[in-house]
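Q: Predicted coordinates and the sequence they were generated for:
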Amino acid sequence: MEPGFAAPGTESGESEVRAAEPLLAPRDGVPTVSVSRYEIARAADLLASGTGPFAVDAERASGFRYSNRAYLVQIRRTGAGTVLIDPVSHGGDPLAVMAPLAEVLATDEWVLHAADQDLPCLAEIGMRPPALYDTELAGRLANFDRVNLAAMVQRLLGLQLTKGHGAADWSRRPLPPDWLNYAALDVEVLGELRDAIAATLEEQGKTEWVRQEFEFLRTFEGAPTRRDRWRRTSGIHKVRDSRALAAVRELWITRDQIARRRDIAPGRILPDSAIIHAATADPDTVDRLVELPIFGGNKQRRSAPIWFEALTRARVTTDPPDASEPSNGPPPASRWARRKPEAAVRLEAARAGLSVLAQRVSVPVENLLSPDTVRRLCWDWEIVADTEAAVEVFLRESTARQWQVELTVPVLTDALSTQVDHG
């Protein structure tokens, strides 16, 4: 079968209907959580006795804690069963305590769902995969309409995972039994799901494509954090002048410092809405600050002098922020027609061509090629003698994978040859 063409029964967007059998508890029961150095070493020995890939998952406390650390790690392997690891309560050096587990896990492929969410927190405790299979990303490249774990398990395995506690505060101790049951179920059939989606992708001729994607994901090192993170404060579009922006900046930085020190999610220290309200109201005394919504509450009233001090720093700053952060990329596409009409024409042609290609090979267009890469190419493009070769060089420098380069270079070459109609 030609690569990229879906096999019968797996066409784009089709949802298979299967009688779903509820999966309510792990087949071997919920294992005891390994906490101490000794227990974690025993868990490593157990996993070493198994065979094949490791199904891996991690639970964090996003929305509750400042850090993105793992508070529970779940691992399952054929012949060994499931182990649950508490990586924070052992009382020792995390890297040293987790070392036996990391050593075993370095011997075979990891299977994760949405690996990009878990790999960073696992790397913090010394655990890095030698090979990777991401079932969520595999589902995207298979062009499934729904790629969350429950939907894919039902579609491919005919099993129903009940909604659980993924958004819970996993830093809580002790962890409730029903949370541990949910956590164990997350890896219960992950290996079977991997085999099922791999078979689908093989039928579609995409096995090599996903291999390249997984290796890119496994070895990818993220770009540096955006310099002005405070500009992501929700509602900042309401702030018009530089002094109010300075107030947002100072309040955000103060909140971030407190949140980091106390390891509490920033929004639980002070909501974004309160930052925006204070910055725009500009109260000139502590008493006027606590008259604002949220700041008048018992908790915020006690901290009011800290927030007012931040507002005072904003008033006297000699370095007010610019209205917008300097961009290192193209402007919003909506402005292209006026500022650079030839780039707008190229972008429209590129998007149209990639959309047709995405439908033909049954892959979401955003997975076919990064939208940011397409925008940068069309904006910065200058006519050269060998368009096709130049496009290929650009894509490779933009970390496009080989399968993406092979598919998209002809389409983009045609798009970049499109001329502006001055008629």
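A: Yep, it's here. Numbers count the residues shown, from 1 in each chain.
Q: Tell me which residues of stretch 173-191 come out buried.
A: For stretch 173-191, burial by neighbour count (16 or more other C-beta atoms under 10 Å) applies to 175, 179-191. Every C-beta, even on glycine, is put in place using the N, C-alpha and C of the backbone.
Q: How far does that stretch sit from its chain's centre?
A: Between the mean C-alpha location of stretch 173-191 and the chain-wide mean there is a distance of 21 Å, by C-alpha atoms, centre = their mean, to the nearest Å.
Q: List the neighbours of that stretch that are in contact with it.
A: Applying C-beta atoms under 8 Å, 6 or more residues apart in numbering, the set of residues contacting stretch 173-191 from outside is 23, 25-27, 30-31, 33, 52-53, 55-57, 59, 72, 74-76, 78, 82, 84, 89, 111-113, 135, 149, 153, 157, 159, 161-162, 164-166, 168, 170.
Q: taking these one by one, which sit in helices?
A: 135, 149, 153, 157 (DSSP state H).
Q: Between these, which sits nearest residue 389?
A: residue 135 (36.6 Å; C-beta to C-beta).
Q: measure the closest one to residue 153 for me?
A: 9 Å (C-beta to C-beta, to the nearest Å).
Q: list the residues that contact both of these two?
A: residue 193.
Q: related to what we said a few turns ago, give me the buried subset of the contacts of stretch 173-191.
A: 23, 26, 30-31, 33, 53, 55-57, 59, 72, 74-76, 82, 84, 111-113, 135, 149, 153, 157, 159, 161, 164-166, 168, 170.
Q: mind listing which of those are in strands?
A: In strands, defined here by DSSP state E, the members of the buried ones among the contacts of stretch 173-191 are 23, 33, 53, 55-57, 59, 72, 74-76, 82, 84, 111-112, 159, 161.
Q: quick one, what contacts the residue nearest to residue 320 when sequence neighbours are not counted?
A: Once flanking residues are discounted, residue 320 sits nearest to residue 242: 4.0 Å by C-beta to C-beta, 6 or more residues apart in numbering. Contacts for residue 242 (C-beta under 8 Å, 6+ apart) come out as 320-323.
Q: hmm, 10 Å instead?
A: Residue 242 makes contacts with 314, 317, 320-323, as judged by C-beta atoms under 10 Å, 6 or more residues apart in numbering.
Q: and which of those residues is nearest to residue 388?
A: residue 322 (39.8 Å).
Q: And the nearest residue to the closest one once chain neighbours are set aside, how close does it get to residue 332?
A: Of all residues not flanking residue 322 in the chain, residue 242 sits nearest, at 7.5 Å (C-beta to C-beta, 6+ apart). Residue 242 is 22 Å from residue 332, where distance means C-beta to C-beta.
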